[in-house]
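Turn this into a structure:
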Amino acid sequence: MEGDGGGGGRKEETAAASKAEREVAAAGVSVHEWLQHVKASFLGLVRKATARSEQEAAEADMRAAKAQVEATDEAEAKKRQLTG
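Next up is the predicted model:
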């Protein structure tokens, strides 16, 4: 009776395991992205608090926003690579 299945179950198990691994990796990428956002926000606040002029404060805001966008772009690229 062992031969009745033909081994199709193994392929399904392998596919399910592979999908689970990709999902875990994508979750890890999301956590990393979140940490990068937190870091950018924190550094932006510190730079803004220590700014000597309004121009430096505005530059701190822009740098923080740029870092957050870069973190998002990097995470999206990694997720695409995982699924593709």
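
Can you pull the phi/psi pair for Ser53?
phi -150, psi 170 (degrees, to the nearest 10).

what's around it, how many residues?
Neighbour count of Ser53, defined by other C-beta atoms under 10 Å: 8. (C-beta placed from N, C-alpha, C; glycine too.)

next one: Ala16
Neighbour number of Ala16 under other C-beta under 10 Å is 10.

What's the separation between it and Arg47?
Ala16 sits 46 Å away from Arg47, taking C-beta to C-beta, to the nearest Å as the criterion.

Just give me how far whichever helix in the chain runs longest sits from the chain centre.
When the chain is parsed with DSSP state H, its longest helix is helix 8-49. Distance of helix 8-49 from its chain centroid, counting by C-alpha atoms, centre = their mean, to the nearest Å, is 4 Å.

just checking, what packs against it?
With contacts taken as 3 or more C-beta pairs under 8 Å, 6 or more residues apart in numbering; DSSP states H and E, helix 8-49 sits against helix 54-83.

What is the distance between the helix it packs on and the centre of its chain?
That offset, for helix 54-83, works out to 12 Å (C-alpha atoms, centre = their mean).

swap in stretch 76-84?
Using C-alpha atoms, centre = their mean, the offset of stretch 76-84 from its chain centre is 10 Å.

got the contact list for Ala26?
79, 82-83 (C-beta atoms under 8 Å, 6 or more residues apart in numbering).

In PyMOL, select just the buried ones from those.
Written as a PyMOL command, the selection of buried residues from the contacts of Ala26, which uses 16 or more other C-beta atoms under 10 Å, is:
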select buried, resi 79
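
which one of the contacts of Ala26 sits closest to Ser41?
Lys79 (21.5 Å; C-beta to C-beta).

Is it correct that that closest one is in contact with His32?
No: using C-beta atoms under 8 Å, Lys79 makes no contact with His32, being 10.9 Å away.
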